[in-house]
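S.K.: I'd like to go over a predicted model; first the sequence, then the structure.
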Amino acid sequence: MTRRAVGSVMLRKRGLRVAGGTIVVLAAVAGVSSAVIPSAEGEVAFCYKSSGVRIVDVSVSCDSKEQRVVIKSAAAVGTTSLVDGSVTTEKLADSAVSTEKLAAESVDSTKLAETNLWTKLQPESGFSASLLSDPLLELSASVVGPIQLQTGSVTTTKLGTDAVTTEKLATDAVTSTQLASGSVSTSELTANSIIAAKIAAGAVTSTAIAPDAVTSTAIAPEAVTTTTIAPLAGTSTRIGTDAVTEGKIREGAVTSTALGDGSVGTSELEAGSIITAKLAAGAVDNTSLATNAVTSTTIAPDAVTAADIAPSAVTEGELAPSAVTSGKIAIDAVTSGKIKDGAVTTSTLGPDAVTAGKIAMDAIIAGKIAAGAVTSTTIADGTVDEDDIAADAVTSAQIAPGSITGADIDYIRVSGNSGQDGTDFKTAAATCPAGKVVSGGGYQVFGLSSDRPKITVISSQPFTPPGSPATTWAVEATEIAGQEATSWSISAYAVCT
């Protein structure tokens with residue numbers, strides 16, 4: 001620290017000089033008033049560097065880049081040297097009065113002039129609350145500036161009603177510590193004055209927000225988190241269109257109570273998102289299912305019961321190959337109208353499935369019966385009559401041994417005779433009546449007992465015209481060569497059915 005006597009040192013290099021115990025500014029020096037008065041001890045402290053000089057309290061240190069000089073005035077004047085009323089405005093140099101020069105509560109309204117007070121108050125000296133005996137409202141306009149006020153000197157009691165207007169407040173002057181609890185209401189706030197930087201963390205509570213005050217433009221991106229949303233606050237009217245995307249929903253957050261009726265459409269569902277655990281009992285009804293939505297992979301085993309299927313819903317296109325097994329068909333479910341023509345094959349019929357009651361009248365024709373399908377056990381007694389048997393259908397292989405008795409055959413016997421004489425060659429024919437056919441036949445030779453051994457039968461057989469069934473049995477006979485019969489005849493016999 002350097003101390004120099006005012007009367008012996010000139011500071012012309014810094015633009016200063018001493019005159020009558022007062023430091024006078026010779027040229028414009030940054031941060032220095034036109035004149036200053038030393039302290040009670042006659043000292044003035046300076047902090048200076050190449051860019052300028054500033055005056056500080058003798059107890060204050062300078063910055064690291066500044067030099068400090070304390071000048072002691074040889075002409076310092078103390079309180080005891082002054083008579084009452086001797087220090088008038090004219091005697092005071094501009095900015096000469098600092099805080100330490102003023103006694104407690106010495107400044108009242110009578111001591112303050114309407115003008116010139118600004119220049120008499122030393123920069124950074126400030127008015128402290130203890131120095132003011134009257135409220136500041138008794139000071140005329142523009143008497144006190146920011147450099148004359150001591151930090152914290154303006155208290156509530158010093159302020160007159162409505163004294164603090166917008167133009168009285170410096171930029172950023174009002175912080176949270178200056179505001180009384182509940183002092184800022186809607187009327188004090190200008191439009192758009194509250195920006196993000198002005199809001200303290202956690203300051204905005206539910207009671208501080210007016211109804212409908214928080215709009216989309218007022219909310220910063222991703223500002224709304226789980227902790228900032230009150231329970232049940234996110235109603236349908238508060239959420240914007242398409243605002244809720246997949247990334248915004250916490251796992252398991254969307255419950256049945258949170259979903260509006262009809263709110264979940266096809267576009268809202270992710271592929272494969274509907275699993276069994278997500279479906280409420282009875283949730284899937286006919287209106288919920290899109291066309292072709294139910295596939296074989298989406299249906300759980302045994303999931304589809306009779307009650308779940310709408311009338312006539314299952315058509316040929318909906319059934320997978322071999323899907324309908326015996327266990328899937330209800331009793332009496334399959335009627336004639338449900339079976340497609342030709343659908344019932346041998347492989348689809350279970351053993352003993354077709355009983356007499358299941359067969360419609362005249363349903364079984366020749367083309368529907370497989371070879372060897374009709375056995376003795378499948379034919380009811382007395383079932384097969386003449387009209388049911390096709391022509392030539394019954395051969396000896398189809399007739400069981402001893403099964404046909406006379407009572408079972410509806411037949412007649414007819415005959416025809418050649419006439420009796422001594423002619424050596426004779427023929428005879430037995431013809432069935434209309435509607436009957438030959439089922440068998442034979443012959444008999446008539447004549448003297450001595451003549452019959454002389455006769456031989458050449459043929460005995462049914463006579464069958466081309467394309468027609470046999471209706472005649474024909475016989476041919478002749479005398480044996482070298483034998484001569486006196487009188488003989490031949491008769492033909494036919495069994496007609």
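M.R.: It's in. Numbers count the residues shown, from 1 in each chain.
S.K.: excluding its backbone neighbours, what's nearest A290?
M.R.: T266 (6.8 Å; CB to CB, 6 or more residues apart in numbering). C-beta coordinates here come from the backbone N, C-alpha and C atoms, glycine included.
S.K.: What pLDDT is listed against the one you found?
M.R.: According to the prediction, T266 has pLDDT 82.
S.K.: Just give the number of residues close to it.
M.R.: 7 (other CB atoms under 10 Å).
S.K.: Can you tell me how far it is from S273?
M.R.: 11 Å (CB to CB, to the nearest Å).
S.K.: From V445, how far out is Q420?
M.R.: Counting by CB to CB, the gap from Q420 to V445 is 10 Å.
S.K.: For these two, indicate the residue with more neighbours.
M.R.: Each of Q420 and V445 has its neighbours counted (other CB under 10 Å); V445 has more, 20 against 15.
S.K.: N286 versus the more buried one, what's the distance?
M.R.: Taking CB to CB as the measure, V445 falls 90 Å from N286.
S.K.: Walking through the stretch 301-450 of the chain, point out its strands one by one.
M.R.: 412-417, 425-431, 438-447 (DSSP state E, counting those that start in this stretch).
S.K.: okay if I get these as CSV plus distance to A200?
M.R.: Shown next, in CSV, are the strands of the stretch 301-450 of the chain (distance: least, CB to CB, whole Å):
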stretch, distance to A200
strand 412-417, 127
strand 425-431, 131
strand 438-447, 122
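S.K.: Quick one: those strands as CSV, columns for distance to A103 and mean pLDDT too.
M.R.: Listed next are the strands of the stretch 301-450 of the chain as CSV, based on distance: least, CB to CB, whole Å; pLDDT from 0 to 100:
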stretch, distance to A103, mean pLDDT
strand 412-417, 167, 96
strand 425-431, 171, 98
strand 438-447, 162, 96
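S.K.: Can you say which of the ones you listed is nearest to G402?
M.R.: Nearest to G402 among the strands of the stretch 301-450 of the chain is strand 438-447 (17.5 Å), distances taken as CB to CB.
S.K.: next SSE after the closest one?
M.R.: strand 455-463 (DSSP states H and E).
S.K.: Kindly format the C-alpha coordinates of that following strand as PDB.
M.R.: Provided in PDB are the C-alpha atoms of strand 455-463 (Å, rounded to 0.1, in the frame of the first residue of the first chain):
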ATOM      1  CA  ILE A 455     -83.900-140.700 -78.600                       C
ATOM      2  CA  THR A 456     -81.100-138.300 -77.800                       C
ATOM      3  CA  VAL A 457     -81.400-134.500 -76.700                       C
ATOM      4  CA  ILE A 458     -79.200-132.200 -78.800                       C
ATOM      5  CA  SER A 459     -79.700-129.000 -76.700                       C
ATOM      6  CA  SER A 460     -81.800-127.700 -73.800                       C
ATOM      7  CA  GLN A 461     -81.200-124.000 -73.000                       C
ATOM      8  CA  PRO A 462     -82.800-120.500 -72.700                       C
ATOM      9  CA  PHE A 463     -83.300-118.700 -75.900                       C
END
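S.K.: Mind listing residues that contact that strand?
M.R.: 429, 438, 441-443, 445, 447, 470-480, 485, 488, 490, 492, 494 (CB atoms under 8 Å, 6 or more residues apart in numbering).
S.K.: wait, E316 sits on K340?
M.R.: Yes: when contacts are counted by CB atoms under 8 Å, E316 is listed as touching K340 (6.6 Å).
S.K.: now A310: how far from D172?
M.R.: For A310, the distance to D172 - CB to CB - is 73 Å.
S.K.: cool, and A208?
M.R.: To D172, A208 is 22 Å away according to CB to CB.
S.K.: same question, V414
M.R.: Relative to D172, and taking CB to CB, V414 is found at 141 Å.
S.K.: In terms of neighbours, single out the busier of those two.
M.R.: Taking other CB under 10 Å, V414 and D172 do not tie; V414 has more neighbours (20 against 7).
S.K.: check contacts around that one.
M.R.: 430-433, 493-494, 496.
S.K.: Identify the contacts common to Q420 and V445.
M.R.: In contact with both Q420 and V445: 488-489, using CB under 8 Å, 6+ apart.
S.K.: pLDDT below threshold where in the stretch 1-150 of the chain?
M.R.: Applying pLDDT under 70 to the stretch 1-150 of the chain flags the ranges 1-42, 72-83, 86, 95, 99, 105, 107-150.
S.K.: go with 50
M.R.: Applying pLDDT under 50 to the stretch 1-150 of the chain flags the ranges 1-15, 17-35, 74-76, 81, 114-118, 124-129, 131-143.
S.K.: Can you name the residues bridging to Y48?
M.R.: With DSSP bridges as the criterion, Y48 is bridged to V53, Q67.
S.K.: Run through who's touching stretch 375-389.
M.R.: Counting by CB under 8 Å, 6+ apart, 356, 400, 410 sit against stretch 375-389.
S.K.: returning to what we had before: select only the buried ones of the contacts of strand 455-463 in ChimeraX?
M.R.: Buried subset of those, written as a ChimeraX selection, criterion 16 or more other CB atoms under 10 Å:
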select :429,438,441,442,443,445,447,470,471,472,473,474,475,476,477,478,479,485,488,490,492,494
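S.K.: Please, where are all the helices along this structure?
M.R.: 117-120 (DSSP state H).
S.K.: ok so, going back, ok, the contacts of stretch 375-389 vs G327, which is closest?
M.R.: A356 (24.4 Å).
S.K.: Identify the nearest residue to that closest one in space, disregarding sequence-adjacent positions?
M.R.: With CB to CB, 6+ apart, the residue lying closest to A356 is A380, at 7.0 Å.
S.K.: separation between the one you found and G182?
M.R.: Separation of A380 from G182 (CB to CB): 105 Å.
S.K.: again, but for T155
M.R.: According to CB to CB, T155 and G182 sit 18 Å apart.
S.K.: The two: which has the busier surroundings?
M.R.: T155 (11 against 6).
S.K.: I figured A428 hits A494, correct?
M.R.: No: A428 is beyond contact range of A494, at 10.6 Å (criterion: CB under 8 Å).
S.K.: on that earlier part again, can you tell me which of the contacts of V414 is nearest S326?
M.R.: So of these, ranked by how close each gets to S326 (CB to CB), first place is C496, at 50.6 Å.
S.K.: Specify the beta-bridge partners of the residue nearest to R452 when sequence neighbours are not counted.
M.R.: Sequence neighbours aside, V445 is the residue nearest to R452 in space, at 5.2 Å (criterion: CB to CB, 6+ apart). Taking DSSP bridges as the rule, V445 bridges to I490.
S.K.: got a list of what V445 touches?
M.R.: 452, 455, 457, 477, 488-490.
S.K.: With T225 instead?
M.R.: Listed by CB under 8 Å, 6+ apart, T225 has no contact partners.
S.K.: Look up how far V214 lies from it.
M.R.: Distance from T225 to V214, by CB to CB: 14 Å.
S.K.: M361 now?
M.R.: 81 Å.
S.K.: Tell me which of the two has more neighbours.
M.R.: Neighbour count, other CB under 10 Å: between M361 and V214, V214 has more, with 14 against 5.
S.K.: ok so, going back, looking at the strands of the stretch 301-450 of the chain, which is closest to G85?
M.R.: Across the strands of the stretch 301-450 of the chain, closest to G85 is strand 438-447 (CB to CB), at 172.7 Å.
S.K.: Can you tell me how far G419 is from A492?
M.R.: In terms of CB to CB, G419 sits 12 Å off from A492.
S.K.: what's the answer for G435, then?
M.R.: For G435, the distance to A492 - CB to CB - is 20 Å.
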